[in-house]
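> Turn this into a model:
(chains A and B)
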Amino acid sequence: MGFQAPGPLSPWQWLLLLVALKGSKATSDLNKPTDSTAQQEPGAGFAASGPALGEITVFALDYDYVQVPYEVTLWILLASLAKIGESPHLGCARLPHHMCPDSLSRSVECILAGHILYVSHKHSPTACSASTYHIYLSVRIVSVANFFLPCQRPGARNLCIVSWWSGPPSLLRNSGIGIAFFFKEQIPRLAFRGLEGLYSCMQGACFHAVSAKFSLFHLHDATRNNCTHEAYIILLTNVTPINSMNIVLYNILIAFTKMHKFESIEPVDILAGCARFIIVGVGGVFFGIVFGFVSAFITRFTQNISAIEPLIVFMFSYLSYLSAETLYLSGILAITACAVTMKKYVEENVSQTSYTTIKYFMKMLSSVSETLIFIFMGVSTVGKNHEWNWAFVGFTLAFCLVWRAISVFALFYVSNRFRTFPFSIKDQCIIFYSGVRGAGSFSLAFLLPLSLFPRKKMFVTATLVVIYFTVFIQGITIGPLVRYLDVKKTNKKESINEELHIRLMDHLKAGIEDVCGQWSHYQVRDKFKKFDHKYLRKILIRKNLPRSSIVSLYKKLEMKQVLEMAETGALSATAFSRPHQAQRTQGTKRLSPEDVASMRDLLTHNMYQVRQRTPSYNKYNLKPRTVEKQAKEILIRRQNTLRESMRKGHSLPWGKPAGAKNIRYLSFPYSHPQPARRDGEAAAREDADSSDSELSFIMFNAHSPTRSLQERQQITTRKSLNRGGKPSGSGYQTSPSQEEHVGRSKRALRPKPLFHTVDEERESGEESGEEASAPGARQSAEHRRERRRSCSPLLRRK
Amino acid sequence: MRGKATTALPPPSQGALRSRVCDFARVLAHFRPVDDDTGTRDPKEPEPPNSRMNKLRFAFQLYDLDRDGKISRHEMLQVLRLMVGVQVTEEQLESITDRTVQEADEDGDGAVSFMEFSKSLEKMDIEQKMSIRILK
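Next up is the predicted model:
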């Protein structure tokens, strides 16, 4: 079924193949003369190779100089061009896409490529030695790990799922296959020569290295993103952590085999092996996390040199891989952990262009390295490195399938007991069926040291068979299977509504669980988030701009909408109209700095006037000098902060009046000593929290019911003006009642002559009131102005 | 935001602890995971408190502070402000609220009724979101 290959290839691709064929024939012809001359003049690569020494030729040909990179580039290009050939818009007649998945055609091309190479060179090309292969593999791992990470939120939530699903399955499967083979050996009829128990374990390790890209691809392709979210996560964990576990096991087993040749294995060694397994895993993760934090920290300072940001990300990932490998720890786990920890912080630190660069460079790397690995595969397929053994291959295949099924179903059974909503059988079947082997297992088989494994060729053959089987058969049939099973669609359309309500429900649930006293994983996540916000973000994120996911989602959606609008040229939706209006009003109202200065002078003068007007104020009568001093200090400090923010150049004049009037009230020691005391407290708190100086007023409102109307007015205006951005826990609790209170009191207020400024202030207070004030005074000033425009209809509406 | 959960409870009545506990139990009942055998339920009986509709209604009540059956833009803004506990600019909050209401509102009255609310959440797995496993 897989070899209806010539059909899907377009004529375009045939052309390419012919060209390549010609090219490689040419190279093989050239190789012979250049080899001889190269021996004569080893260092004179740049000299003419054909003609004799001493002559200067105008044209010369030296292929040997560029052979290796030339061929590699040519093959990469070929594979990429083949991708174009597969894409829908060329309009060539071929099988429908879902029937002929990407992996399929890729494998087919590899085989062809391998064939061509083999025919032309009569041996494996120089680019395909094991050491270079190792490099390609590691590059691939880097790119895959970074590329296929699930987005941060589900990842964090499903951390326990990830750990549960990576360790036990790999162990189970590997040991399963090993045991199965071992027992098969015992049956004398089916035994092979020279194949001992350990080797069978090796097989287990090799054959279960499930391919990352392909299984995901199949799942994607076949279900078109219809897989349920949780199952998707599980499959993702199937990929990288399990592969890493496999590689770890592989290394351990190689070590065991080495020992087995020369000594006997004792139980101590087995225990040591188990301990090694754990250490390798944990150590790899630890390395990854350390490197992740370091790179996140570094990106904090790369504000002005965004060109090096992608470099930092890549180099640190690769470095974590290499460092882990030096200590024989798991490199893949290191990279995965590094990427996961880095992603959250780097995403916020790097500029948008760097982020795009990183994303697309990763994609490019992964496709390039995957191509190369497939070329290797193709080459190996066609070469003379095979040892075909029907029984071995057949058993391998059978055992792989059987053991995968067993592990998937057994583990799901166990985990379903702990879940509120168990996975359906359908999901389990899909996960079982999409275990596609690919380049990963091929790499492991290819890298088996020949000295330890005299039957290596048989291994390689069997691996290749398993790969092709799973890729072709399972790849082609998973589509119809999914349709048959009718997997539930989860439409991942993002909407702000959903995000908001999901968050609300999470909070709700956590609250109820708090009351219950029950400890669930939400609390763990909340604790982690608190820790994260408190310490990590301050260290690792530039400018310390905390953003919630709701806001970032909103920004993303707005940007998308803007881009769409820009493309279609349509007018904005209603969601835009208000900010646009605000922008327009801001634009018209922007005054020149001289006007601003004159207004400020006017206001400062006004301030003192009011003070004189108040009858009860008499500075000779007032006892507490300290209170007055504090009030003055507050006044001065507020003036300074406002002046500073104005000096920054953004602010608009309307910011000042509210502040000035506010100052008036602040510094206005009433007949009550209490307000002044509170001002003192406010001063103290202002020191602590400059942008949230107004936070203190929220506390005051707890006492509001007991005050007189005047005070209430004062306090509420103050509160409405100054309500800070970060309400604390108590602030949260009292805020709903506060809101109602404020609303009621506002409605009850009547403008009094003494407080004639209350009206304007109330309006300006309304503008910024009940609302989080931004860190920059500019924004708050703008808001106040904007609110002034837009809030009066709001007031009326109320 | 946890405080919101406590505001979901009715105010204490003259220190009667037992009634408080009953109220809490009623709230908690909303969070029981949904049974699978709803098919055998008698349709004439009122829905159990942990049905999807009742869970949604409970969540709706949290938004709808004045109990008028609709979530106005102002109420949505308040809830949003409580939840976005970081220094978000007011402009952004307003825009987010506008967008939220715009997305959910279908009859164009500028407020989200219960039906619109449940429709906007139809794709969400409410039964899983609003269930506490220990209550099963």
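> Which element, helix or strand, includes B:Glu94?
Using DSSP states H and E, B:Glu94 maps to helix B:90-104.
> What strands line up against the next helix or strand after that helix, and which way round?
Downstream of helix B:90-104, the first helix or strand assigned by DSSP H and E is strand B:112-113. Strand pairing for strand B:112-113, determined by DSSP bridges: strand B:70-71 (antiparallel).
> residue closest to the middle of chain B?
B:Ala59 (0.5 Å; C-alpha atoms, centre = their mean).
> you'd agree that one is up against A:Met505?
Yes. Taking contacts as C-beta atoms under 8 Å, B:Ala59 lies within contact range of A:Met505: 6.4 Å. Every C-beta, even on glycine, is put in place using the N, C-alpha and C of the backbone.
> check which helix or strand covers the closest residue to chain B within the stretch 501-650 of chain A.
Nearest residue of the stretch 501-650 of chain A to chain B: A:Gly511, at 2.9 Å (C-beta to the nearest C-beta). Assessed by DSSP H and E, A:Gly511 sits inside helix A:496-516.
> got the angle between that helix and helix B:90-104?
100 degrees (axes from the mean of the first three to the mean of the last three C-alpha atoms, to 10 degrees).
> before we move on, the earlier item: what about the helix holding B:Glu94, near chain A?
Yes. Against chain A, helix B:90-104 shows contacts by C-beta under 8 Å from any C-beta of the partner chain at B:90-96, B:98-100, B:102-104.
> between those, which is closest to A:Ala391?
Using C-beta to C-beta, B:Glu103 comes nearest to A:Ala391 of the residues of helix B:90-104 next to chain A, at 62.0 Å.
> burial measure for the residue nearest to that closest one when sequence neighbours are not counted, as a count.
Sequence neighbours aside, A:Asn497 is the residue nearest to B:Glu103 in space, at 5.1 Å (criterion: C-beta to C-beta, 6 or more residues apart in numbering or on different chains). Close neighbours of A:Asn497, defined as other C-beta atoms under 10 Å in any protein chain shown, add up to 22.
> what's the average pLDDT for the helix holding B:Glu94?
Mean per-residue pLDDT for helix B:90-104: 80.
> Go through the helix or strand encompassing A:Ile335 and flag the buried ones.
Element membership for A:Ile335, per DSSP H and E: helix A:331-349. Of the residues in helix A:331-349, A:331-346, A:348-349 count as buried by neighbour count, 16 or more other C-beta atoms under 10 Å in any protein chain shown.
> about what we covered before: could you check how far the residue nearest to the centre of chain B is from A:Phe442?
Look at B:Ala59 and A:Phe442: by C-beta to C-beta, to the nearest Å, they are 51 Å apart.
> how about low-confidence regions in the stretch 551-700 of chain A?
A:551-553, A:569-641, A:645-700 (pLDDT under 70).
> quick one: A:Ser369 and A:Tyr318, what's the gap?
Taken as C-beta to C-beta, the span from A:Ser369 to A:Tyr318 is 12 Å.
> These two: which has the busier surroundings?
A:Ser369 (22 against 18).
> Specify the angle between the helix or strand in which the more buried one is found and helix A:331-349 in degrees.
Assigned by DSSP H and E, A:Ser369 falls within helix A:352-382. Counting by the same axes, to 10 degrees, helix A:352-382 lies at 160 degrees to helix A:331-349.
> tell me what helix A:352-382 is packed against?
If contacts are counted by 3 or more C-beta pairs under 8 Å, 6 or more residues apart in numbering or on different chains; DSSP states H and E, helix A:352-382 sits against helix A:67-86, helix A:102-121, helix A:130-147, helix A:309-326, helix A:439-446, helix A:456-469.
> again, only using 10 Å
Counting contacts by 3 or more C-beta pairs under 10 Å, 6 or more residues apart in numbering or on different chains; DSSP states H and E, helix A:352-382 is packed against helix A:67-86, helix A:102-121, helix A:130-147, helix A:212-223, helix A:309-326, helix A:331-349, helix A:439-446, helix A:456-469.
> and these, which one is worst for confidence?
helix A:212-223 (a mean of 46).
> Run through chain B and note the low-pLDDT ranges.
B:1-15, B:34-47, B:49-50, B:84-88, B:133-136.
> 80 instead?
B:1-18, B:20, B:23-52, B:79-89, B:92-93, B:96, B:99-100, B:102-103, B:122-136 (pLDDT under 80).
> sorry, back to before: what's the following helix or strand after the helix holding A:Ser369?
helix A:390-416.
> Mind checking the pLDDT average for that following helix?
pLDDT averaged over helix A:390-416 gives 76.
> Which secondary structure elements does that helix sit against?
Using 3+ C-beta pairs under 10 Å, 6+ apart, helix A:390-416 sits against helix A:159-186, helix A:197-207, helix A:229-262, helix A:425-433, helix A:456-469.
> Least confident of these, on average?
helix A:197-207 (a mean of 55).
> A:Phe442 against A:Val460, yeah?
Yes. At 8.2 Å, A:Phe442 counts as touching A:Val460 under the criterion of C-beta atoms under 10 Å.
> Look at those two and report which has more neighbours.
Ranked by neighbour count (other C-beta under 10 Å), A:Phe442 and A:Val460 place A:Phe442 first, with 25 against 22.
> Could you give the number of residues near the closest residue to the more buried one other than its chain neighbours?
Take A:Phe442 and drop its neighbours on the chain: the residue closest to it by C-beta to C-beta, 6+ apart is A:Met377, 5.3 Å away. Using other C-beta under 10 Å, A:Met377 is surrounded by 25 other residues.
> separation between A:Met377 and chain B?
A:Met377 is 41 Å from chain B, where distance means C-beta to the nearest C-beta, to the nearest Å.
> Kindly report the same for A:Lys343.
Taking C-beta to the nearest C-beta, one finds A:Lys343 at 20 Å from chain B.
> picking up where we left off before, was I right about the residue nearest to B:Glu103 contacting B:Thr97?
No. Assessed by C-beta under 10 Å, A:Asn497 is found out of contact with B:Thr97, at 11.1 Å.
> Are there residues contacting both of those two? Which ones?
B:Met76 (C-beta atoms under 10 Å, 6 or more residues apart in numbering or on different chains).
> Return the set of buried residues in stretch A:499-511.
Buried, per 16+ other C-beta under 10 Å, within stretch A:499-511: A:499-511.
> For those, which two are the farthest from each other?
Pairwise distances across these peak at 18.7 Å for A:Glu499 and A:Gly511 (criterion: C-beta to C-beta).
> Return the helix holding A:Ile335 as CSV; C-alpha atoms alone will do.
Coordinates of the C-alpha atoms in helix A:331-349 are reproduced here as CSV (Å, rounded to 0.1, in the frame of the first residue of the first chain):
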residue,chain,number,x,y,z
GLY,A,331,19.9,15.9,27.7
ILE,A,332,16.4,15.9,26.3
LEU,A,333,14.9,16.4,29.7
ALA,A,334,17.3,19.2,30.3
ILE,A,335,16.2,20.9,27.1
THR,A,336,12.6,20.4,27.8
ALA,A,337,12.8,21.7,31.3
CYS,A,338,14.9,24.7,30.1
ALA,A,339,12.4,25.6,27.5
VAL,A,340,9.5,25.3,29.8
THR,A,341,11.0,27.5,32.5
MET,A,342,12.4,29.9,30.0
LYS,A,343,9.3,30.4,27.9
LYS,A,344,7.2,32.2,30.4
TYR,A,345,9.7,34.9,31.2
VAL,A,346,11.4,35.2,27.9
GLU,A,347,8.1,35.7,26.2
GLU,A,348,7.6,38.8,28.1
ASN,A,349,11.1,40.1,28.0
